[in-house]
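Enquirer: Output the structure for:
(4 chains)
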2 protein chains.
Amino acid sequence: MRRPLIRKLEKFTRLSQADKNMLAKIGGQRVRRFSAREDIIHEGEKPEYINLINEGWACRYKTLEDGRRQIIAFFLPGDLCDLNVFILKEMDHSIGAVTPVVISEISRTAFDEMMMGHPRITQALWWESLVAAAIQREWTVNLGQRDALERMAHLLCELFIRLEAAGCTSDSSCEFPLTQTELGDTLGMSTVHVNRTLQELRASNLIVLKDRTLTIPNLKALQSVALFNANYLHLDHEGTHLDANEE
Amino acid sequence: MRRPLIRKLEKFTRLSQADKNMLAKIGGQRVRRFSAREDIIHEGEKPEYINLINEGWACRYKTLEDGRRQIIAFFLPGDLCDLNVFILKEMDHSIGAVTPVVISEISRTAFDEMMMGHPRITQALWWESLVAAAIQREWTVNLGQRDALERMAHLLCELFIRLEAAGCTSDSSCEFPLTQTELGDTLGMSTVHVNRTLQELRASNLIVLKDRTLTIPNLKALQSVALFNANYLHLDHEGTHLDANEE
DNA sequence: GGGCGACATTAACATAGGTAAGGTTGCGGC
DNA sequence: GCCGCAACCTTACCTATGTTAATGTCGCCC
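Expert: Predicted coordinates:
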């Protein structure tokens, strides 16, 4: 639970002690806290820092002129919001806290310093950003091709597996702070239909969702109704095993 | 039309002659041609090169087990497919030619060399990849929140503006090679509904689409039915104007 | 010049999912 | 102990979009 970024990056590669120290230092600097539903950065602002989520859930979202809102991504502990964002003149979307959140701001100079001195970390961050892009693509597939039940199941599988990689699950359960409205804004469906869909998943014993806790008794089964294939998360890397001779 | 990548990157920053030479060299190496509908790389393969589209249209797509297909992105002249892909063990999706296509393969070493020696290019490529990510996010919004008419209009606006930035439009027209089936696979709708939607846009004089040529007589009007806001393309950069003292 | 395949079009019907409205529960504040 | 509010749940009804299938059009090959 501590240092979720280090834990996550080690899914990809073995890090030296110096690398870990660097990451720990970065994660301990410029710490900020936000309460649930507060905006971390808003569309139109100039991005000055890369945000690293240390604790809690955040989300990217975008609002259309007429008020419709789409949640575009979730940030879980250990996730980074856009390497190098500061290149852009202004944010084209907002980032908001879903739960109370603790983040570290990474400045341009700190980022450059890290990229220069730590090739292992550089590689690992590239990997993390390629995975983030892959997740975004999978959301496109999800919204374009899957029906409501598959879509919901797919989201739950993805979040659960990502939380697992960040060390935020215990057994087959995890905290699950999203309201049905937020699920609707994520999956492009009405709250009524979110509710119907959750009921259906519950009735099939595919999920238990109560008191902000999600339990997935049979992940394989849920994956199968979701047509979920974890390849896009690129977690199956041999890194941890093959490079075990190092350190 | 020649060197669409250079043309595109100059929307972001001014490049030195050395930078341009470098980009021209990269674009002239390892050139490959594909015919329409041929796969450039397939899901499951190991990515070895960054593909740069020199001519023609390509697309990313993903197929579900049961055959449903989602087009995830279009690559137009000047577009790069995933900086640093070679970090990943295998492709989680396929890239296919839409029209006959000419690409350049950029090897890991050529890429690293370019990143080391040309900070201007490095910056510009970061910008290009941040924009690609922003486009992917906008597609999420599109599929999640907009209805069929808005969705179609939005896609047409985006493609037109991107083609313009690549120098592939003339006046208010451009080549438009997509079939209605491909539009359907992109927008998550049936071909029948694609057809209805196009008819509706034609009836409102928002588009003329015939013989693989698209004309948008009034882009503002089309943008307005699409709730299209071009911010996410980050083209409004001052680069070209303010840095005009250089070279 | 006839036939075939890819694409576009149209119509008739079916359904997943949206909308509107209202009810229940639980909780923090006073 | 009750008010107010947010989340959740439910029902009834409606509509955007999917499905199926028939038909049209065009270019291309033998």
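Enquirer: The top helix by length along chain A vs DNA strand C: in contact?
Expert: Secondary structure of chain A per DSSP state H: the longest helix is helix A:119-145. No: between helix A:119-145 and DNA strand C, judged by CB under 7 Å from any atom of the strand, nothing touches; the nearest distance is 10.3 Å. All C-beta atoms are positioned from the backbone trio N, CA, C, and that covers glycine.
Enquirer: Check which helices and strands the helix or strand just after that helix sits against.
Expert: Moving toward the C-terminus from helix A:119-145, the next helix or strand (DSSP states H and E) is helix A:148-165. Applying 3 or more CB pairs under 8 Å, 6 or more residues apart in numbering or on different chains; DSSP states H and E, one finds that helix A:148-165 contacts helix A:119-145, strand A:173-175, helix A:180-187, helix A:191-203, helix A:219-226.
Enquirer: Can helix A:148-165 be said to contact DNA strand D?
Expert: No: Helix A:148-165 is not in contact with DNA strand D by CB under 7 Å from any atom of the strand; minimum separation 12.1 Å.
Enquirer: tell me the mean pLDDT for that helix?
Expert: The pLDDT scores in helix A:148-165 average 97.
Enquirer: do that helix and DNA strand C meet?
Expert: Yes: using CB under 7 Å from any atom of the strand, helix A:148-165 reaches DNA strand C at A:148, A:149.
Enquirer: Let me know the angle separating that helix from helix A:219-226.
Expert: Angle, helix A:148-165 to helix A:219-226, by axes from the mean of the first three to the mean of the last three CA atoms, to 10 degrees: 140 degrees.
Enquirer: Pairing partners for the next helix or strand after helix A:148-165, with directions?
Expert: Elements were assigned by DSSP H and E; along the chain past helix A:148-165, the next helix or strand is strand A:169-170. Paired neighbours of strand A:169-170 in the sheet (DSSP bridges): strand A:173-175 (antiparallel).
Enquirer: any residue of the partner strand up close to DNA strand D?
Expert: No: judged by CB under 7 Å from any atom of the strand, strand A:173-175 stays clear of DNA strand D, getting no closer than 12.5 Å.
Enquirer: Buried residues, that strand. List them.
Expert: Across strand A:173-175, burial judged by 16 or more other CB atoms under 10 Å in any protein chain shown covers residue A:174.
Enquirer: Now tell me what touches it from outside.
Expert: Residues external to strand A:173-175 that are found in contact with it (CB atoms under 8 Å, 6 or more residues apart in numbering or on different chains): A:159, A:160, A:163, A:164, A:168, A:212, A:213, A:214, A:215, A:216.
Enquirer: what does chain A have sitting close to DNA strand D?
Expert: So chain A meets DNA strand D at A:179, A:180, A:181, A:191, A:192, A:195, A:196, A:198, A:199 (CB under 7 Å from any atom of the strand).
Enquirer: Among the residues you listed, which one sits closest to residue B:52?
Expert: residue A:181 (42.6 Å; CB to CB).
Enquirer: And the pLDDT for that closest one?
Expert: 97.
Enquirer: Likewise for residue A:239?
Expert: pLDDT at residue A:239 comes out at 46.
Enquirer: Same check on the one 5 residues further on?
Expert: At residue A:244 the predicted local distance difference test score is 39.
Enquirer: same check, this time on residue A:173
Expert: 96.
Enquirer: What of residue A:236?
Expert: Taking residue A:236 on its own, its pLDDT is 73.
Enquirer: Give me the three-state assignment for it.
Expert: coil (DSSP: H, G, I helix; E, B strand; the rest coil).
Enquirer: Burial check on it, number of neighbours?
Expert: 11 (other CB atoms under 10 Å in any protein chain shown).
Enquirer: try residue A:64
Expert: If we define neighbours as other CB under 10 Å, then residue A:64 has 14 of them.
Enquirer: how far away is it from residue A:192?
Expert: Noted for residue A:64: a distance of 20 Å to residue A:192, by CB to CB, to the nearest Å.
Enquirer: Give me the phi and psi for the residue nearest in space to the middle of chain A.
Expert: Centroid check for chain A by CA atoms, centre = their mean gives residue A:75 as the closest residue, at 3.5 Å. Residue A:75 has phi and psi values of phi -110, psi 120 when expressed as degrees, to the nearest 10.
Enquirer: Just give the nearest non-adjacent residue to it, would you?
Expert: Setting aside the residues directly before and after it, residue A:75 is nearest to residue A:58 in space (CB to CB, 6 or more residues apart in numbering or on different chains), at 4.2 Å.
Enquirer: for chain A, which spans come out with low pLDDT?
Expert: A:1-2, A:237-247 (pLDDT under 70).
Enquirer: which parts of it sit against DNA strand C?
Expert: Going by CB under 7 Å from any atom of the strand, the residues of chain A near DNA strand C are A:147, A:148, A:149, A:188, A:189, A:190, A:192, A:193.
Enquirer: Thank you kindly, that will do.
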